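Colleague: Just need the structure, nothing else, for what follows:
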Amino acid sequence: MPRRSRLIVPNIPLHIIQRGNNRQACFFTDDDYLFYLSWLKKYAKSAECSIHAYVLMTNHVHILLTPKQSNSAGTLMRGLGQRYVQYVNRTYKRSGTLWEGRFRSSIIQQQEYLFSCQRYIEMNPVRAGIVKHPGEYRWSSYQINGQGKESDLLSHHALYLSLGQTDAERQAVYRELFRYELEPEEIDKIRKATNGNYALGNKQFKEEISKIVGRRVTPGKAGRPRKKKKGTQRPSLSD
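Modeller: Modelled structure (predicted):
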């Protein structure tokens, strides 16, 4: 059975997750994180992807980006993944795969879910019990988005820029978003959409994306389809 093509639409945000093979570690020292971020910046620029948020965990990464072209995200992740694997194999005298196959992704309705997704990504170290506050974790974009750390890796989304007139105002409003953790239902929606390569948004957004890509963008119903009664006319494909 052919694998389903990724759901990617130019200029609409995309949440990406890539895990280490068998959930094994893919970062071992500070240099590993630094090299990955350096190459993320390089390949994002060449692939025409705007990075809005990220977190590098020991055995997986989350990236929120907006691709300019339909193949931008794939080009970025392929180049970045291959370059990093070569570095890890050479540095640690290993061979073979590092990543768990293809990256998983979900297209995001920006008005409804952009900040929810950014909070989900940057709160990952808190949920994992590594730190008590996202600002304490070095390998995420929170220190940039919420605390003003200088970086030329991120390209702030228009919704982020609308949070205030100055950088300080935007960062203050952004920090307020993190006063409370995401509701479990919201976390579950984000996880299911990303793991299943579905659209994350309201009904209208999903219908619009479905028309654009020409296929279903939500999970199908479980179970076998019901048999049609004899004599029932099959609807035309143009319906």
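
Colleague: least trustworthy helix or strand in the chain by mean pLDDT?
Modeller: Confidence across the helices and strands of the chain bottoms out at helix 203-213, with a mean of 92, counting by mean pLDDT, DSSP states H and E.

Colleague: So which bits of it are buried?
Modeller: 205-206, 208-209, 213 (16 or more other C-beta atoms under 10 Å). Yep, even glycine has a C-beta here, placed from its N, CA and C like the rest.

Colleague: is it possible to export the residues you listed to JSON lines including distance to residue 63?
Modeller: JSON lines is the format used below for the buried residues of helix 203-213 (distance: C-beta to C-beta, whole Å):
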{"residue": "205", "distance to residue 63": "21"}
{"residue": "206", "distance to residue 63": "22"}
{"residue": "208", "distance to residue 63": "24"}
{"residue": "209", "distance to residue 63": "20"}
{"residue": "213", "distance to residue 63": "21"}
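
Colleague: Quick check: which helices or strands does the helix or strand hosting residue 80 pack against?
Modeller: Assigned by DSSP states H and E, residue 80 belongs to helix 72-91. Helices and strands touching helix 72-91, by 3 or more C-beta pairs under 8 Å, 6 or more residues apart in numbering; DSSP states H and E, are strand 14-19, helix 30-47, strand 49-56, strand 60-67.

Colleague: Can I get those in CSV including distance to residue 172 and mean pLDDT?
Modeller: Below are the helices and strands packed on helix 72-91 laid out as CSV (distance: least, C-beta to C-beta, whole Å; pLDDT from 0 to 100):
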stretch, distance to residue 172, mean pLDDT
strand 14-19, 25, 97
helix 30-47, 25, 97
strand 49-56, 18, 98
strand 60-67, 21, 98
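
Colleague: Could you provide these in CSV, with additional columns for distance to residue 188 and mean neighbour count?
Modeller: As requested, the helices and strands packed on helix 72-91 are arranged in CSV below (distance: least, C-beta to C-beta, whole Å; neighbours: other C-beta atoms under 10 Å):
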stretch, distance to residue 188, mean neighbour count
strand 14-19, 14, 22
helix 30-47, 28, 17
strand 49-56, 19, 24
strand 60-67, 16, 24
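
Colleague: about what we covered before: so what touches the least confident helix or strand of the chain?
Modeller: For helix 203-213, contacts defined as C-beta atoms under 8 Å, 6 or more residues apart in numbering pick out 7, 9, 12, 107, 109, 112, 199, 201, 216-218.

Colleague: With just CA atoms, put that helix into CSV.
Modeller: Presented in CSV, the C-alpha positions along helix 203-213 are these (Å, rounded to 0.1, in the frame of the first residue of the first chain):
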residue,chain,number,x,y,z
LYS,A,203,-14.1,22.6,10.4
GLN,A,204,-14.0,25.3,7.8
PHE,A,205,-10.2,25.3,7.7
LYS,A,206,-10.1,21.5,7.2
GLU,A,207,-12.7,21.7,4.4
GLU,A,208,-10.7,24.5,2.7
ILE,A,209,-7.5,22.5,2.9
SER,A,210,-9.2,19.4,1.7
LYS,A,211,-10.4,21.2,-1.4
ILE,A,212,-6.9,22.6,-2.0
VAL,A,213,-5.1,19.2,-1.8
